[in-house]
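Visitor: Prediction below, plus the sequence it came from.
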Amino acid sequence: MFRNNYDNDSVTFSPQGRIFQVEYAQEAVKQGSVVVGIVSKTHAVLAAIKRNAEELSSYQKKIIPIDSHFGVALAGLASDARVLSNFMKQQSLSSRLTYDRAIPLSDITSRIADRAQTNTQQYGRRPYGVGLLIAGVDAKGPHLFEFQPSGVTQEMVACGIGARSQMARTYLERHLDEFESSSREELIKHALRALKESLSQDKELTVDNTSVGIGGLDESFVLYEGQDLTEWLDATFENREGGGDEGGDAMETDS
Amino acid sequence: MAAIFSGAPPQGGPGYSFTQTPTAVPSGERQHGFYPYTDNGGSTLGISGADFTILAGDTRSTSGYNINTRYAPKLFKIGGEGPDNKGARIVLSVVGFAADGDALKERLDTIVKMYKYQHGKPMTVTACAQRLSHILYNKRFFPYYVHAILGGLDEEGKGALYSYDPVGSYEREQCRAAGAASSLIMPFLDNQVNFKNQYMPGSGTGHNLKTKEATPLSRGHVEDLVRDAFTSAVERHIEVGDGLQMMILTKDGIQETYTSLKKD
Amino acid sequence: MNHLPQAWGRPRDDVYGAYDNSHFQTAGPNQHTQSPIVTGTSVVAAKFKDGVVIASDNLASYGSLARFTDVKRLRKFNENVVVGFGGDVSDMQYLDRLLNSLDIRENYASADDPLNAKNLHTYLAKVMYKRRSDFNPLWNHLLIAGLDGEAKPFLASADLLGTTFSSPTLATGFGAHLAQPIMRRTIPDEASVEKVSKDEAVKLVKECMKVLFYRDARSMDKYSIAVITKEGVELSEDEKLENQSWAFAEQIRGYGTQTA
């Protein structure tokens, strides 16, 4: 029986030039529920589907505000994301303390990228099993960055990661030209529609399973959850049948 | 050797002439040439009421007889959102060595911000007050040379005011004056806030005198007391003046005011 | 108070009693700076409506000896910031190297978001405070002049104790006594900054440099002056004091052998 001999650690290449542990970590990202991010000229928005482990449990945190100018959305291992977001919080507080400056988003992104890369080059370490979307505003305007367990980061105009995110990305690609000039409200609507695309037919976005985070020029990053979303959900999906809260059932959970 | 090179010595030290340079090594402990503290003057004061707390401080910063600047705030919002501390509910005032004061403010602010991030709820004033005490106490062998006053509203919505010594002893009080003119302001406060030495008129003489009981004061009245305290302190203390910064903490948040004081 | 650099950071005689000078004599290892050696005197600076002017002379003194007469004590950090150094010259050179490495690091990280004057002041104040807390101070008094994040004029100071403050006009050392009162006459508060033009501010600061040359024994008539505006930094390092009039010297009575 075939057995892969090159996936025992994250520091050994396979003869084909692959590092399997890193690729497996990317799979963990695909298991997480979907998150999308979009930027316009003035705003950066994150939207996410939250899951609950069981009917009685609370919903998984998907968007974490880090500083007043940015936040992150996660797909994959929530505990790894917590470690990374704690690190980002520390780094951005330290930038405010030593320079009295909001840390540039490209800067904070490359700092976590360096950490992730270290995990792929030191024996006995494990790659982060989480993908992040980092969105907010800095001195150079609104930004969206994608972070992967491999340590690869990219600046994006719009992006979706997590389970069935291909559907969301297809939606984003179709509407790519509209984003730049979108208003705050239009941008949120796009994000919610993209989220909806990646949901299976019998599921709906509800106030319970949706999270939206938005930052803009002269506007700090704010997380919207629960009843705050009612208006946007109603405005985005006008023709849906009476707001059901059956959205959350029977989905696998974030591990 | 350094004596020859260091030019003008401090007052009372050796002169410029080589002949005057001391040749014998003086006995006794060798003293550090560098003293890591200074006094930047100024005064602060805090008064708590039934449902509010007021903190105030002048905005003059001095070194010796020099005025560094006429606007250096001594009042800081703690634990709000972002660089402007929006939505903060705690105020720290520090007077003494300004560099230590700034360092202390930044440490406390970071702690309260991290608390909110980790626990998902704002820190209570009581908890923050105790934490501040620990910060000061932990540095007791190289203290933050400041007199701190912390203000906010407690869990019941009552005005809360805590005052500290440089090494972390603290106490909740109705009112406290600190800094250069504290010895001028505090007795005034004792009399006007806690009604010390005030008796009920016509209650008798000698031991029959009934003391006037302290009752919570109204906000407007307290603001007047603060202004009076500072305008008086400015008259008699050279390190106090230029501007009066006030922060009024109520359940609706923090209201900040600035009024000018005499600049002489 | 004694504002000579030698007295900086020392306990005040009037508060703590006469200073014990025993360490001037003692041989043996001296771990940390106890006193400055080669020193620069005042730095003066003033805000005006579009920016900041800052000036300092080009002299580095070795005690009372005018040792180096061509030392530039204004350092341009980038198109937004100039730092002026008073106090120990070797510590100034250390800070210069520190700022160089910071600049290089910053340019690698984010090319089109340079540190502004406020950022740099916060950073330098942290450096100064850290060093004083380690009992190993950088024996300087710095003025940081430039534009802040909103491209508004910014002027602030940081000294060897880590003390920081900001004011429409600032001066270190002797300048705190002699230049500040002159500058405050024209620019008493933040509101009056708006009414001062670049030319007026430059004239004011040059006037202060002249007064300092007349009255500060450790000063020189060659100086550097920088103007920071949105257009960038204009730095001139070989200015010479003009229109000096020493006529007043004849009126001075009471020194030396001259009694009448």
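Guide: Great, that's in hand. Numbers count the residues shown, from 1 in each chain, chains lettered A, B, ... in the order given.
Visitor: What's the local residue count around the residue of the stretch 151-255 of chain A found nearest chain B?
Guide: Closest to chain B within the stretch 151-255 of chain A is A:S220: 5.5 Å, counting by CB to the nearest CB. Where you see a C-beta, it was placed from the backbone N, CA and C, and this is true even at glycine. By the criterion of other CB atoms under 10 Å in any protein chain shown, A:S220 has 21 neighbours.
Visitor: same check, this time on the one 10 residues further on
Guide: Using other CB under 10 Å, A:T230 is surrounded by 12 other residues.
Visitor: follow-up on the earlier one: any chance you could read off phi and psi for the residue lying closest to the residue of the stretch 151-255 of chain A closest to chain B once chain neighbours are set aside?
Guide: Spatial nearest neighbour of A:S220, excluding adjacent residues (CB to CB, 6 or more residues apart in numbering or on different chains): A:S68 at 4.1 Å. With angles defined as degrees, to the nearest 10, A:S68 sits at phi -70, psi -10.
Visitor: I'd say the residue of the stretch 151-255 of chain A closest to chain B and B:G82 touch.
Guide: Yes: shown here, A:S220 and B:G82 form a contact pair, counting by CB atoms under 8 Å, at 5.5 Å.
Visitor: Mind listing the shared neighbours of these two?
Guide: Residues touching both A:S220 and B:G82 (CB atoms under 8 Å, 6 or more residues apart in numbering or on different chains) are A:68-69.
Visitor: any low-confidence regions in the stretch 1-150 of chain B?
Guide: For the stretch 1-150 of chain B, the stretches with pLDDT under 70 are B:1-32.
Visitor: dump the residue contacts of the closest residue to chain A within it.
Guide: The nearest approach of the stretch 1-150 of chain B to chain A comes at B:G82, 3.0 Å away (CB to the nearest CB). Neighbour list for B:G82: A:67-69, A:220 [criterion: CB under 8 Å, 6+ apart].
Visitor: And it, how far from B:R131?
Guide: B:G82 sits 21 Å away from B:R131, going by CB to CB, to the nearest Å.
Visitor: all helices in chain B, in order from the N-terminus.
Guide: Per DSSP state H, chain B carries helices over the ranges B:2-5, B:98-119, B:125-138, B:182-192, B:219-236.
Visitor: Report the distance from the longest one to the chain centre.
Guide: What that stands for is helix B:98-119. Once both centres are worked out by CA atoms, centre = their mean, to the nearest Å, helix B:98-119 turns out to sit 17 Å from its chain's centre.
Visitor: by contact count, what packs against that helix?
Guide: Judged by 3 or more CB pairs under 8 Å, 6 or more residues apart in numbering or on different chains; DSSP states H and E, the packing partners of helix B:98-119 are helix A:78-99, strand B:75-78, strand B:90-96, helix B:125-138, strand B:146-153, helix C:117-133, strand C:164-166.
Visitor: Compare these and give me the one nearest A:D7.
Guide: The closest of the helices and strands packed on helix B:98-119 to A:D7 is helix A:78-99. By CB to CB, the value is 18.9 Å.
Visitor: which is the next helix or strand following the closest one?
Guide: Using DSSP states H and E, the helix or strand that follows helix A:78-99 towards the C-terminus is helix A:105-119.
Visitor: Show me what the mean pLDDT comes to for that next one.
Guide: Helix A:105-119 comes out with an average pLDDT of 95.
Visitor: Can you give me the neighbour number for the residue of the stretch 151-264 of chain B found nearest chain C?
Guide: Distances between the stretch 151-264 of chain B and chain C by CB to the nearest CB are smallest at B:K263, namely 8.1 Å. By the criterion of other CB under 10 Å, B:K263 has 14 neighbours.
Visitor: that older thread, relative to C:D113, which of the helices of chain B is closest?
Guide: helix B:98-119 (23.0 Å).
Visitor: So which bits of that closest one are buried?
Guide: Residues of helix B:98-119 classed as buried by neighbour count (16 or more other CB atoms under 10 Å in any protein chain shown): B:98-115, B:117.
Visitor: do the same with stretch B:182-197
Guide: B:182, B:184-186, B:188-190, B:192-193.
Visitor: How about B:A50, nearest residue that isn't a chain neighbour?
Guide: B:P216 (4.0 Å).
Visitor: what are the phi and psi values for the residue nearest the centre of chain A?
Guide: A centroid search over chain A (CA atoms, centre = their mean) returns A:A73, at 3.2 Å, as the residue closest to the centre. Backbone torsions of A:A73, given as degrees, to the nearest 10, read phi -120, psi 140.
Visitor: Quickly list what it is bridged to.
Guide: A:I63, A:L133 (DSSP bridges).
Visitor: picking that back up, hmm, the residue of the stretch 151-264 of chain B closest to chain C is touching B:R70, no?
Guide: Yes: the pair B:K263 / B:R70 is scored as a contact, 6.4 Å apart, by CB under 8 Å.
Visitor: what residues do these two have in common as contacts?
Guide: B:D242.
Visitor: tell me which parts of chain A are close to chain B?
Guide: By CB under 8 Å from any CB of the partner chain, the residues of chain A that approach chain B are A:67-69, A:89, A:93, A:96-97, A:100, A:102, A:220.
Visitor: hmm, 6 Å instead?
Guide: Proximity of chain A to chain B (CB under 6 Å from any CB of the partner chain) is limited to residues A:68, A:89, A:93, A:97, A:220.
Visitor: is it fair to say the last one lies in a strand?
Guide: Yes: when DSSP: H, G, I helix; E, B strand; the rest coil is applied, A:S220 is found to be in a strand.
Visitor: Excluding chain neighbours, what is closest to B:R236?
Guide: Once flanking residues are discounted, B:R236 sits nearest to B:L184: 5.8 Å by CB to CB, 6+ apart.
Visitor: again, but for B:S182
Guide: B:S43 (6.3 Å).
Visitor: My read is that the one you found contacts B:M186, right?
Guide: No: counting by CB atoms under 6 Å, B:S43 does not reach B:M186; the two are 10.1 Å apart.
Visitor: what's the residue in the stretch 1-150 of chain A that chain B sits nearest to in contact with, if anything?
Guide: Residue nearest to chain B within the stretch 1-150 of chain A: A:S68 (3.0 Å; CB to the nearest CB). Taking CB atoms under 6 Å, 6 or more residues apart in numbering or on different chains, we find A:S68 in contact with A:220, B:81-82.
Visitor: The residue nearest to B:R236 against B:A233, yeah?
Guide: Yes: with contact defined as CB under 6 Å, B:L184 counts as touching B:A233 (5.2 Å).
Visitor: Residues in a beta bridge with A:Q154, which ones?
Guide: Note on A:Q154: beta-bridge partners by DSSP bridges are A:E146.
Visitor: count of residues packed around it?
Guide: A:Q154: 12 neighbours (other CB under 10 Å).
Visitor: A:E146 is in contact with that one, correct?
Guide: Yes: taking contacts as CB under 6 Å, A:Q154 lies within contact range of A:E146: 5.1 Å.
Visitor: re the thing from before, could you dump the helices and strands packed on helix B:98-119 into TSV and include mean neighbour count and distance to C:D238?
Guide: Compiled in TSV, the helices and strands packed on helix B:98-119 are given as follows (neighbours: other CB atoms under 10 Å in any protein chain shown; distance: least, CB to CB, whole Å):
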stretch	mean neighbour count	distance to C:D238
helix A:78-99	18	33
strand B:75-78	22	44
strand B:90-96	27	44
helix B:125-138	18	50
strand B:146-153	26	45
helix C:117-133	23	24
strand C:164-166	22	30
